[in-house]
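K.L.:
Provided below are the primary sequence and the corresponding predicted coordinates.
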Amino acid sequence: EDTTPKLDMLCHYHVGEVVTGMTRASLVAGGAEVLIYVTVTGRIGALVPFISRDDIEFFTLLEGCMRTDAPRPTGREPQAYRSYYAPIKHVVDGELCESFTKLSYEEQKKIADKLDRTVDEVAKNLERVRHS
């Protein structure tokens with residue numbers, strides 16, 4: 001019998017650097033727990049779970065629109081970068097979604113129309129998740 005502990009990969013996401021530390025914590029008193037990580041260069045990031053199915057669907061669609069319609073300053077395909085070692089699995093790219101607020105109003109409107117939302121609704125959803 002093999003008594004070696006086995007792990008299941010629930011999600012996969014390339015953060016861009018070597019992760020040197022990780023801890024589970026709550027960012028808000030009484031809030032949901034998140035995974036906070038630190039990289040070799042000192043970058044701090046967090047993996048935050050979505051609370052509702054609506055949020056998962058909205059942010060997955062937003063991420064898809066941002067991947068295809070938003071300009072890329074570096075020319076690099078976001079999904080190829082985040083899937084550098086293995087395909088992305090069960091993670092929404094928060095940095096990419098957050099870059100919606102940095103687009104011109106015309107670009108924001110184009111993406112919001114694809115989501116059947118207004119620019120304000122998209123911005124409010126981003127703000128709500130950022131502060132929850």
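P.N.:
Arrived safely, thanks for sending.

K.L.:
Chain neighbours aside, what residue packs nearest to residue 40?
P.N.:
Counting by CB to CB, 6 or more residues apart in numbering, residue 18 is the residue found nearest to residue 40 once chain neighbours are left out, at 4.5 Å. All C-beta atoms are positioned from the backbone trio N, CA, C, and that covers glycine.

K.L.:
so after the longest helix along the chain, what's the next helix or strand?
P.N.:
In the chain, taking DSSP state H as the definition, the longest helix is helix 53-69. Next helix or strand after helix 53-69 toward the C-terminus (DSSP states H and E): helix 78-82.

K.L.:
after that next one comes which helix or strand?
P.N.:
By DSSP H and E, the next helix or strand past helix 78-82 is helix 94-98.

K.L.:
Name the residues of that next one that are buried.
P.N.:
94, 96, 97 (16 or more other CB atoms under 10 Å).

K.L.:
just stretch 56-71 next, same as before
P.N.:
58, 59, 61, 62, 63, 64, 65, 66, 67, 70.

K.L.:
among the residues you listed, which two are most distant?
P.N.:
58 and 70 (16.3 Å; CB to CB).

K.L.:
what bits of this structure have low per-residue confidence?
P.N.:
73 (pLDDT under 70).

K.L.:
Mind doing that once more with 90?
P.N.:
1-17, 26-33, 47-51, 67-91, 93-96, 128-132 (pLDDT under 90).

K.L.:
Buried residues, stretch 72-92. List them.
P.N.:
For stretch 72-92, burial by neighbour count (16+ other CB under 10 Å) applies to 78, 82, 88, 92.

K.L.:
Just put these in TSV and tack on distance to residue 106.
P.N.:
Output for the buried residues of stretch 72-92, formatted as TSV (distance: CB to CB, whole Å):
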residue	distance to residue 106
78	21
82	26
88	29
92	24
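
K.L.:
what's the burial count for the closest residue in space to residue 49 that isn't next to it in sequence?
P.N.:
Closest residue in space to residue 49, ignoring its immediate chain neighbours: residue 32 at 5.9 Å, by CB to CB, 6+ apart. Applying other CB atoms under 10 Å, we find 12 residues neighbouring residue 32.
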